[in-house]
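Participant: coordinates only, sequence not included:
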């Protein structure tokens, strides 16, 4: 049986919708009523919560943008929820971006209902592992979970989608890093790898062509490019330092998460071609690209292209 009130607190849309889905599943055949927190009148919301439905066992009022509602009606809502603790009414589910725990409304909700954290997880690979087991009945090796988190980032909806695909492609329910590298449909990083190989080889036209293809197929690539390229160059520098320490390429690839296996030798070849000084120079150039783009000196896509023209001049 649902409690009188729930607050889904956090910035992650996927986690909010996932929590809401679980609550609605627990409610069974309950009637769902959606209201907009910015415009909903207090009296109408409270009437919905007080009145029973003839054709369902319960009623769930789902409020989007509840911060605005709390700003307008905090005190009367606190009084209503305190009285609702005795039960007998509908359930209010409020979706909010933030709700400080030192506020009275937070404490009231915790007393008679529940506050559910819907903020992005700090340990993304750990979230991936738990989600894989709990929602998709597959077991990811630790390096597989880390690789998937690296490839997709903190887009939890896309991560969940990829886990669903991996379930279909894993008859025994076990997934290793090679399976992730082979099957995950998020291919932009692999295309970035190909572009960086052209940079290392000094192939200006090929590098620029690959960049233009990336931007054309996915415009959001331009906003990830600087971050990805800096991360890639940091891996180059770390790999070179580890090679000087006589570490094996196998250990280096495992620690730096260079996947799939067939990408490892080309990576080391690229790292040698760029070298420490070249990696430092390219990172400085990327810092300029980022600064110019954020201060209005050209747009990001053009600035990255100018970076490629400069970077391939060895």
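Facilitator: Here it is on my side, so go on. What you are looking at is a predicted structure, and each value in this text was computed from that prediction instead of being measured. Numbering: from 1, shown residues only.

Participant: which ones are touching the closest residue to residue 156 other than its chain neighbours?
Facilitator: Spatial nearest neighbour of residue 156, chain neighbours left out: residue 14 (4.0 Å); criterion: CB to CB, 6 or more residues apart in numbering. C-beta: built from backbone N, CA, C; applies to glycine. Contacts for residue 14 (CB atoms under 8 Å, 6 or more residues apart in numbering) come out as 155-157, 160.

Participant: Name the member of the residues you listed that has the highest neighbour count.
Facilitator: Using other CB atoms under 10 Å as the neighbour criterion, residue 156 leads the contacts of residue 14 with 22 neighbours.

Participant: Tell me the buried residues in the longest helix anywhere in the chain?
Facilitator: If you go by DSSP state H, the chain has its longest helix at helix 264-294. Under the neighbour-count criterion of 16 or more other CB atoms under 10 Å, helix 264-294 has 264, 267-268, 270-271, 274, 278-279, 282, 285-286, 289-290, 292-293 buried.

Participant: what angle sits between the worst-scoring helix or strand of the chain on mean pLDDT and helix 264-294?
Facilitator: Sorting the helices and strands of the chain by mean pLDDT, DSSP states H and E puts helix 188-201 at the bottom, at a mean of 76. Orientation check (axes from the mean of the first three to the mean of the last three CA atoms, to 10 degrees): helix 188-201 against helix 264-294 gives 100 degrees.

Participant: the strands in this protein, which residues?
Facilitator: In the chain, the segments counted as strands under DSSP state E are 5-9, 31-36, 59-64, 91-96, 114-117, 139-140, 174-175.

Participant: Tell me who's in contact with residue 21.
Facilitator: Applying CB under 8 Å, 6+ apart to residue 21 gives no contacts.

Participant: That one and residue 58, how far apart?
Facilitator: As defined by CB to CB, to the nearest Å, residue 21 lies at a distance of 16 Å from residue 58.

Participant: Over to residue 132?
Facilitator: To residue 58, residue 132 is 32 Å away according to CB to CB.

Participant: And those two? Which one has more around it.
Facilitator: The residue with more neighbours, out of residue 132 and residue 58, is residue 132; 26 against 17, by other CB under 10 Å.

Participant: Just to check, the more buried one is in contact with residue 138?
Facilitator: Yes. In this structure, residue 132 is within contact of residue 138 by CB atoms under 8 Å, at 4.9 Å.

Participant: which neighbours do those two share?
Facilitator: Contacts common to residue 132 and residue 138, judged by CB under 8 Å, 6+ apart, are 163, 166, 175.

Participant: related to what we said a few turns ago, in helices, which of the contacts of residue 14 fall?
Facilitator: Judged by DSSP H, the contacts of residue 14 include 156-157, 160 as members of helices.

Participant: For residue 10, what are phi and psi?
Facilitator: phi 150, psi 170 (degrees, to the nearest 10).

Participant: which residues touch it?
Facilitator: Residue 10 makes contacts with 16, 97-98, 117-120, as judged by CB under 8 Å, 6+ apart.

Participant: in stretch 46-66, what's buried?
Facilitator: Under 16+ other CB under 10 Å, the buried positions of stretch 46-66 are 46, 48-49, 58-66.

Participant: Pull up the distance across that stretch, start to finish.
Facilitator: Taking CA to CA, to the nearest Å as the measure, stretch 46-66 stretches 14 Å from start to finish.

Participant: what sits up against that stretch?
Facilitator: 2, 7, 20, 23-24, 27-38, 40, 45, 69, 80, 84, 89-96.
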